[in-house]
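K.L.:
output the structure for:
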Amino acid sequence: MEFVGEKVRITTVTEQDLDFICQLECDTNIWSFEETVETNEEKVREKYRSHFVVADDKPYAYDFVIRRINDPADTPIGIVQMWSYVDYRKSWELGFAVLSEYAGNGYGSEATRLLLRFAFQELQAHKVVGMCNSQNVRSAALMQHVGMTREAVFQEELWWNNQWTDQYFFSILDREFKQV
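P.N.:
Coordinates of the predicted model:
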């Protein structure tokens, strides 16, 4: 699958993307606001390969690589992904990451909007949620920028930097996305 915007395109992760995925997923600097980071590349490969296997033709996760439209080298710059949050409620959770040298150019926002369009139009999602460490100002700003609403603060939800830290919970409904 591929979805194209003005600045970026997102394509389904394939076996050929796994070196990049491992580089991204195992980089503790990129995931500095997470409680833990998987640094074992083989475990990361297996996680993503498990998403390639589709039981009953209904995937529970979708992973996409972000690439810039105008890049002749077609260099991957990040990922956007979503997985089933509460299946019977038609809810999905999203995640995203952009390499630091490409951050701040709108690539993550546009890729996330493409992912939301996929969720609401193709998957018939009712709701998409996202969560982030309350200290992760950029992640929270991106979710608000694409039309998500901060619904809750889970107090002292994350053990991060040797202290309890709040986690923000964001969401957007299908009817809200259609208005954006």
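
K.L.:
can you pull the buried residues of stretch 72-88?
P.N.:
Buried residues in stretch 72-88, defined by neighbour count with 16 or more other Cβ atoms under 10 Å: 76-82, 84-85. Every residue, glycine included, has its C-beta placed from N, CA and C.

K.L.:
format those as JSON lines; extra columns: pLDDT.
P.N.:
Shown next, in JSON lines, are these (pLDDT from 0 to 100):
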{"residue": "76", "pLDDT": "98"}
{"residue": "77", "pLDDT": "98"}
{"residue": "78", "pLDDT": "98"}
{"residue": "79", "pLDDT": "98"}
{"residue": "80", "pLDDT": "98"}
{"residue": "81", "pLDDT": "97"}
{"residue": "82", "pLDDT": "97"}
{"residue": "84", "pLDDT": "91"}
{"residue": "85", "pLDDT": "91"}
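
K.L.:
the residues you listed in helices, which ones?
P.N.:
Using DSSP state H, the subset of the buried residues of stretch 72-88 located in helices is empty.

K.L.:
let's have these in JSON lines, adding distance to residue 136.
P.N.:
Putting these into JSON lines (distance: Cβ to Cβ, whole Å) gives the following:
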{"residue": "76", "distance to residue 136": "22"}
{"residue": "77", "distance to residue 136": "19"}
{"residue": "78", "distance to residue 136": "15"}
{"residue": "79", "distance to residue 136": "16"}
{"residue": "80", "distance to residue 136": "16"}
{"residue": "81", "distance to residue 136": "17"}
{"residue": "82", "distance to residue 136": "18"}
{"residue": "84", "distance to residue 136": "23"}
{"residue": "85", "distance to residue 136": "19"}
